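Q: give me a 3D structure for the following:
(one chain, ligands or ions: 1)
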Amino acid sequence: MAAKFCRNIPETPEPLKAEVSGSIPLWLQGTLLRNGPGLFSIGNTSFNHWFDGMSLIHSFTFKHGEVYYRSKFLRSNTYLKNISANKIVVSEFGTMVYPDPCKNIFSKFFTHMLNSSADFTDNNLVNFIRYGDDYYASSEVNIINQIDPLTLDTVGRVSYKKYISLNLATAHPHYDEEGNTYNMGTAITPLSGPKFVIFKICSIPFRSKLYPSYFHSFGMTENYIIFVEQPFKLDIIRLITAYFRGVTWGKCLFFDQDDDTLFHIINRKTGVALKTKFCSAPFVVFHHINAYEEDDHVVFDMITYKDSNVYDFFYIDCMKQETEKFIEMSKTLSPPVCQRFVIPVNADLKIAKVDTYNKTHIVWSEEDCYPSEPKFVASPDAVDEDDGVILSSVVSTNPSKSSFMLVLDAKTLKEIARATINATVHLDLHGLFIPQASEMI
Ligand SMILES: [Fe+2]
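A: As a prediction, this is how the structure comes out:
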């Protein structure tokens, strides 16, 4: 059924005028560039996975109500090597090859790991990234190939490593209103510590050094970067031993259903993440849909899956199944779900009193302060349910500010008093107020 999607496709290097039915708006002028795999076998060798096919770039140019089509293979180093050898000689996501059995296996091991070898694929088949006035074909490695968007010729090759220490990068950047490009990647560098890197903004250490989260895209709002550290992980040990064991890069990814998903919300200007960390149940995400800010909240939508088996669907053997079997297999896939998350950007600094009936709330907050669980103590002559005080042990993250016991009017959440403690006070969980009249005192 899907076999036709993994056939070798010839180039259409010269513009081909399309037959238009209907009417294309005359204001629609420009070129849609698209990228994807178009070559799945070379000589007598074939790729195992759809993501391995050689990048075939094509363009649809809209001009005066007409459409012109052309396509060219990306002349990456990988493509040129494969074509000149007339066989696959560079490993891809789902295809591991051993082009030179005489080469010292340890040198292969390190060059693959450090991604400093031309043997590592630069088959940028996923997307395009604009940096300034230049356009690059991109994938998830740290090498991007520059193309001419008009002729589709490959005109250059750049390694991110020339500018930033990086092993992997996303193919899904964001652009701001000024035209700046934002991207992020993964640096597996033993010296400075493995980390996620948001270009020129900040870096985030891995939650688990040997099992960093895989990520395919990230979110961006006017003021924040949204990075979802999902429990779909890269097994570093498996990755660095993959070559010995004949394991493909794709098989070094795994879904840890016992871990949670951690959200990082990072201020774009300061590079500082929200102090409060938010988690959710485990899921797998590849693509963010939308992100924006509203009423002191970051809102973002993603397409999520309950596990990672969607990759298996794209193995060529699976795609070449008879229609009935293909449909049967596709039923086992975790279906995509559109999920919205809403995260408060000031949640770490507030005590809130919520009127659940009228849907209103009032708050107490102070910069650099972490208030503990608020404890209500009724006044002796209380009439209303909120006659009394709220007690909270407040710890400050500012080293020059002491911690204190905060006393608020429970009706208004206005501060009545604070008792500064000149000792180190720790963050706590729960507590109990024992009135003096009690026999326990
Ligand atoms: Fe994508």
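Q: CA atoms for contacts and neighbours, from now on please.
A: Fine.
Q: surely Asn123 meets Ser76?
A: Yes. Asn123 is in contact with Ser76 according to Cα atoms under 8 Å; the separation is 6.0 Å.
Q: who's more crowded, the two?
A: Here Asn123 and Ser76 are set side by side on neighbour count (other Cα atoms under 10 Å), and the busier one is Asn123, at 30 against 24.
Q: looking at the chain, which helix or strand does the model trust least?
A: The weakest-scoring helix or strand in the chain, judged by mean pLDDT, DSSP states H and E, is helix 105-114 (a mean of 56).
Q: contacting residues around the helix or strand just after it?
A: Note on helix 105-114: by DSSP states H and E, the next helix or strand toward the C-terminus is strand 127-131. With contacts defined as Cα atoms under 8 Å, 6 or more residues apart in numbering, strand 127-131 is touched by 33-36, 135-139, 171-173, 180-181.
Q: among the residues you listed, which ones are buried?
A: 33-36, 135-139, 171-173 (16 or more other Cα atoms under 10 Å).
Q: ok, Ala353 touching Lys359?
A: To be clear, residue 353 is Lys; Ala isn't right here. No. The criterion here is Cα under 8 Å, and Lys353 misses it with Lys359 at 10.6 Å.
Q: so which strand or helix has Glu328?
A: With DSSP H and E as the criterion, Glu328 is inside helix 323-330.
Q: would you check how far apart Tyr214 and Trp364 are?
A: Tyr214 sits 38 Å away from Trp364, going by Cα to Cα, to the nearest Å.
Q: for Val342, same thing?
A: As for Val342, its distance to Trp364 is 21 Å (criterion: Cα to Cα).
Q: before we move on, what about Val310?
A: Distance, Val310 to Trp364, using Cα to Cα: 46 Å.
Q: what's the answer for Asn398, then?
A: Applying Cα to Cα to Asn398 and Trp364 gives a distance of 18 Å.
Q: the more surrounded of the two?
A: Trp364 (15 against 11).
Q: mind checking the SS state of the more buried one?
A: strand (DSSP: H, G, I helix; E, B strand; the rest coil).
Q: from now on call the first residue 16
A: All set: I'll call the first residue 16, so the last point we hit is now Trp379.
Q: neighbours of the nearest residue to Leu225 once chain neighbours are set aside, just the number please.
A: Of all residues not flanking Leu225 in the chain, Ile251 sits nearest, at 5.3 Å (Cα to Cα, 6 or more residues apart in numbering). Neighbour count of Ile251, defined by other Cα under 10 Å: 17.
Q: before we move on, what about the one 4 residues further on?
A: In terms of burial, Ile255 registers 18 neighbours under the definition other Cα under 10 Å.
Q: would you mind naming the helix or strand containing it?
A: helix 251-260.
Q: got the buried residues for that helix?
A: So, applying 16+ other Cα under 10 Å, buried residues of helix 251-260: 251, 253-255, 257-258.
Q: return the item of those having minimum pLDDT.
A: By pLDDT, Tyr258 ranks lowest within the buried residues of helix 251-260, coming in at 76.
Q: now find how far off-centre stretch 220-227 is within its chain.
A: Relative to the chain's own centre, stretch 220-227 is displaced by 15 Å; criterion: Cα atoms, centre = their mean, to the nearest Å.
Q: pull the CA atoms of that stretch into PDB?
A: In PDB, the C-alpha atoms belonging to stretch 220-227 read as follows (Å, rounded to 0.1, in the frame of the first residue of the first chain):
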ATOM      1  CA  PRO A 220      21.800  20.000  32.200                       C
ATOM      2  CA  PHE A 221      20.300  16.600  31.400                       C
ATOM      3  CA  ARG A 222      18.000  15.200  34.100                       C
ATOM      4  CA  SER A 223      19.800  11.900  33.700                       C
ATOM      5  CA  LYS A 224      23.400  12.100  32.300                       C
ATOM      6  CA  LEU A 225      23.200   8.800  30.400                       C
ATOM      7  CA  TYR A 226      19.600   9.100  29.200                       C
ATOM      8  CA  PRO A 227      18.900  12.600  27.800                       C
END
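Q: contacts made by it with the rest, please.
A: Contacts for stretch 220-227 (Cα under 8 Å, 6+ apart): 208-211, 228, 248-252.
Q: can you do 6 Å?
A: Stretch 220-227 has contacts (Cα atoms under 6 Å, 6 or more residues apart in numbering) with 210, 248-251.
Q: identify the farthest-apart pair in the residues you listed.
A: Spatially, the most separated pair among the contacts of stretch 220-227 is Lys210 and Asp250, at 14.4 Å (Cα to Cα).
Q: and the two? which has more neighbours close in?
A: Set side by side, Lys210 and Asp250 give different neighbour counts by other Cα under 10 Å, the larger being at Lys210 (22 against 19).
Q: so how far is Glu382 from Thr185?
A: 35 Å.
Q: how far away is Ser36 from Phe270?
A: 46 Å.
Q: if you count surrounding residues, which of those two has more?
A: The neighbour comparison of Ser36 against Phe270 (other Cα under 10 Å) goes to Phe270, with 20 against 6.
Q: what's near enough to touch the closest residue to the more buried one other than its chain neighbours?
A: Excluding the flanking residues, the one nearest Phe270 by Cα to Cα, 6+ apart is Phe247, at 4.3 Å. With contact set as Cα under 6 Å, 6+ apart, Phe247 has these partners: 228-229, 269-270, 299.
Q: 8 Å instead?
A: By Cα under 8 Å, 6+ apart, Phe247 lies in contact with 228-229, 268-271, 298-299, 323.
Q: most widely separated two among the contacts of strand 142-146?
A: The largest separation in these, counting by Cα to Cα, is between Gly51 and Asn195 at 25.0 Å.
Q: could you chop the chain up by domain?
A: 179-359, 364-436 (automatic domain parsing).
Q: who wins for proximity to Ile162 among these?
A: Ile162 lies closest, by Cα to Cα, to one member of the domains of the chain: domain 179-359, at 15.1 Å.
Q: any regions of this structure where pLDDT drops low?
A: Within the chain, the ranges that satisfy pLDDT under 70 run 16-17, 114-134, 362-363, 452-456.
Q: follow-up on the earlier one: would you format the buried ones among the contacts of strand 142-146 as JSON lines with distance to Glu29 included?
A: Shown next, in JSON lines, are the buried ones among the contacts of strand 142-146 (distance: Cα to Cα, whole Å):
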{"residue": "Leu48", "distance to Glu29": "15"}
{"residue": "Arg49", "distance to Glu29": "16"}
{"residue": "Asn50", "distance to Glu29": "17"}
{"residue": "Gly51", "distance to Glu29": "19"}
{"residue": "Tyr150", "distance to Glu29": "20"}
{"residue": "Tyr151", "distance to Glu29": "20"}
{"residue": "Ala152", "distance to Glu29": "20"}
{"residue": "Ser153", "distance to Glu29": "23"}
{"residue": "Ser154", "distance to Glu29": "25"}
{"residue": "Ala186", "distance to Glu29": "27"}
{"residue": "His187", "distance to Glu29": "28"}
{"residue": "Pro188", "distance to Glu29": "30"}
